[in-house]
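*Asks:* Got a predicted structure here, sequence first:
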Amino acid sequence: MAKILVGVSGGISAYKACELVRLFVKAEHEVVPLLTPAGEKFVSAQTLNALARRSGSGGPYPHLERADLFVIAPATANTLAKLAGGIADNLVTESALAHRGPLVLAPAMNSRMWASPATQENMRVLRERGAHVVGPEHGELGEGGSGVGRMSEPEAIFECCRQLLAVSDSLAGTRVLISAGGTREPLDSVRFLGNRSSGRMGVALAAEAARRGAEVTLVAANLAVPAPAGIELVEVDSAAALTDAVLGRDADVILMSAAVADYRPAAKESGKRHKNDQNWTVELEPTTDVLLDLGRRRHEGQLLIGFAADEGDQGLERARAKLRAKKVDLIVFNDISRPGIGFDAEENEVVLITESGEVVLSRAPKSEIAAGILDEVERLRGQGA
Ligand code: CTP
């Protein structure tokens, strides 16, 4: 049973949201209906809550609670514009801004509004951020006439949500250890040397592996995004703590997506260092290369995946060399010289490097890239790599 937020904005097709809520309830999901003020003019909160079998009271912020999926049907041009712009001025747009997880949009509007450059640009932005879009369809429109803009039928919207919620068991019984985020190496009691990794890629991998039924442990260093539900979370700060956490555990698949510091200050000052007018020279010493250690001590049947964040064609060459040097099964290369992907970004584009060849996963939200990486992991496991 999943928890689903159903947002309804103000369009004539709002009546179809009742059927959508009914389908979710029939499939034994928990539904929280949310209406915009315009949506309330078309369908009442009482009707939707009755169909969702909710008393309608809940806590003070039922719309901000964690949910597995958020679907907005109908999504009007106005609501889509607000979502693209991050405006949070009603229950639906506020929830959308707070929601972490799949977002499904079922647009519904007049065909000229749909075709307008503003709406199309908003849709491009929302798709790029990972929103799943169902419809709109060509057909009879609310104000008469026909064209593209009619909301998809509740069954089609439900099917899209069902697929997104579907839990596969392709990694059932597999222990997957993922490191994510960026380590911080203390200089004194308040300062550290760090890096720009947000942990998004590792978090997306953890969510996808859990969705495929794996037993997931996420060793997380200073994540800028929330960790997914349903996994074991081990929080660490420095490269040394991450090393202990990773080398102290066994797993069938290890994905080292964390940006682990290669160097740390050789000496940490006790307390806070106070400024003076002299230069401050810091000596750095190398840290343990966790992936290299894992490669040396790997056991039969264990899969090791390394990540290489590097620049340009020479970076790609270095990533290829790492496959052998670190004795790993797969290196995920991303080119950090290109804007908008990789470090601290929502999207990524990677090259999967294995002994048998290379596969390019073209630019997509990190959730899709994570799915592509795990497809490759499953292929390698099938080969008994
Ligand atoms: N890694 C690690 N331990 C470290 C540093 C990196 O396990 N102390 C892992 C990372 O998690 C990543 C891979 O090694 O999977 C990156 O390899 P690395 O050789 O460190 O590459 P970069 O630091 O990206 O590049 P360079 O070789 O240029 O330092």
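*Replies:* That came in fine, so what should we check first?
*Asks:* for whichever helix or strand residue 32 is part of, packing partners?
*Replies:* Using DSSP states H and E, residue 32 sits within strand 30-35. With contacts defined as 3 or more C-beta pairs under 8 Å, 6 or more residues apart in numbering; DSSP states H and E, strand 30-35 has these neighbours: strand 3-8, helix 14-26, helix 45-51, helix 91-98. No exception for glycine: its C-beta is placed from N, CA and C like everyone else's.
*Asks:* Mind listing residues that contact it?
*Replies:* Contacts with strand 30-35, where a contact means C-beta atoms under 8 Å, 6 or more residues apart in numbering, come from 1-9, 17, 21, 24-25, 43, 45, 48-49, 51-52, 54, 58, 62-63, 65, 67, 91-92, 95.
*Asks:* Beyond it, next helix or strand please.
*Replies:* Sequence-wise, the next helix or strand downstream of strand 30-35 (DSSP H and E) is helix 37-40.
*Asks:* How far off centre is that following helix?
*Replies:* 30 Å (C-alpha atoms, centre = their mean, to the nearest Å).
*Asks:* residues of that helix that come out buried?
*Replies:* Under the neighbour-count criterion of 16 or more other C-beta atoms under 10 Å, helix 37-40 has 38, 39, 40 buried.
*Asks:* so which strand or helix has residue 148?
*Replies:* Assigned by DSSP H and E, residue 148 falls in strand 146-150.
*Asks:* For the next helix or strand after that strand, name the packing helices and strands.
*Replies:* Once the chain leaves strand 146-150, the next helix or strand it forms, by DSSP H and E, is helix 154-165. Other elements packing on helix 154-165 under the criterion 3+ C-beta pairs under 8 Å, 6+ apart are helix 14-26, strand 69-75, strand 103-107.
*Asks:* Adding distance to the ligand, write the ones you listed out as CSV.
*Replies:* Shown next, in CSV, are those (distance: least, C-beta to the nearest ligand atom, whole Å):
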stretch, distance to the ligand
helix 14-26, 40
strand 69-75, 31
strand 103-107, 30
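*Asks:* can you list those in CSV and add mean neighbour count, mean pLDDT and distance to residue 249?
*Replies:* What follows is the helices and strands packed on helix 154-165, written out as CSV (neighbours: other C-beta atoms under 10 Å; pLDDT from 0 to 100; distance: least, C-beta to C-beta, whole Å):
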stretch, mean neighbour count, mean pLDDT, distance to residue 249
helix 14-26, 20, 95, 38
strand 69-75, 28, 97, 31
strand 103-107, 26, 97, 33
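*Asks:* pull the CA atoms of the strand holding residue 148 into PDB?
*Replies:* Extracted in PDB, the C-alpha atoms of strand 146-150 (Å, rounded to 0.1, in the frame of the first residue of the first chain):
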ATOM      1  CA  SER A 146     -12.100  19.800 -30.200                       C
ATOM      2  CA  GLY A 147      -8.300  19.800 -30.000                       C
ATOM      3  CA  VAL A 148      -5.400  18.800 -27.900                       C
ATOM      4  CA  GLY A 149      -6.000  19.700 -24.200                       C
ATOM      5  CA  ARG A 150      -8.500  17.100 -22.900                       C
END
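*Asks:* List the buried residues in it.
*Replies:* 148, 149, 150.
*Asks:* Who are the packing partners of that strand?
*Replies:* helix 111-115, strand 137-140.
*Asks:* Now do the buried residues in the helix or strand that the longest one is followed by.
*Replies:* What that stands for is helix 111-115. Later in the chain than helix 111-115, the nearest helix or strand by DSSP H and E is helix 117-128. Going by neighbour count (16+ other C-beta under 10 Å), the buried part of helix 117-128 is 119, 122, 123, 126.
*Asks:* Please tell me how far the last one sits from residue 24.
*Replies:* Okay, so that is residue 126. Noted for residue 126: a distance of 22 Å to residue 24, by C-beta to C-beta, to the nearest Å.
*Asks:* between the strand holding residue 32 and strand 69-75, how big is the angle?
*Replies:* Comparing the axes of strand 30-35 and strand 69-75 via axes from the mean of the first three to the mean of the last three C-alpha atoms, to 10 degrees yields an angle of 40 degrees.
*Asks:* picking that back up, would you turn the buried residues of helix 117-128 into TSV with distance to residue 372?
*Replies:* Formatted as TSV, those follow (distance: C-beta to C-beta, whole Å):
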residue	distance to residue 372
119	30
122	27
123	23
126	21
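*Asks:* Distance to residue 223 and pLDDT for those - can I get that in JSON lines?
*Replies:* Output for those, formatted as JSON lines (distance: C-beta to C-beta, whole Å; pLDDT from 0 to 100):
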{"residue": "119", "distance to residue 223": "34", "pLDDT": "98"}
{"residue": "122", "distance to residue 223": "29", "pLDDT": "97"}
{"residue": "123", "distance to residue 223": "30", "pLDDT": "96"}
{"residue": "126", "distance to residue 223": "24", "pLDDT": "94"}
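*Asks:* Report the two of these separated the most.
*Replies:* 119 and 126 (10.4 Å; C-beta to C-beta).
*Asks:* who touches both of those two?
*Replies:* Common neighbours of residue 119 and residue 126, using C-beta under 8 Å, 6+ apart, are residue 80.
*Asks:* Near the ligand, which residues of the protein are found?
*Replies:* Residues of the chain lying near the ligand by C-beta under 6 Å from any ligand atom: 239, 256, 258, 260, 262, 287-291, 306-310, 322.
*Asks:* Can you check those residues and name whichever has the most neighbours?
*Replies:* residue 258 (29 neighbours; other C-beta atoms under 10 Å).
*Asks:* what sits against that one?
*Replies:* 179, 180, 181, 182, 183, 197, 199, 202, 219, 221, 242.
*Asks:* For these, pick the one with the most neighbours.
*Replies:* residue 181 (31 neighbours).
*Asks:* Now residue 71. Nearest residue, chain neighbours left out?
*Replies:* residue 104 (4.1 Å; C-beta to C-beta, 6 or more residues apart in numbering).
*Asks:* That's all I had, so thanks and see you.
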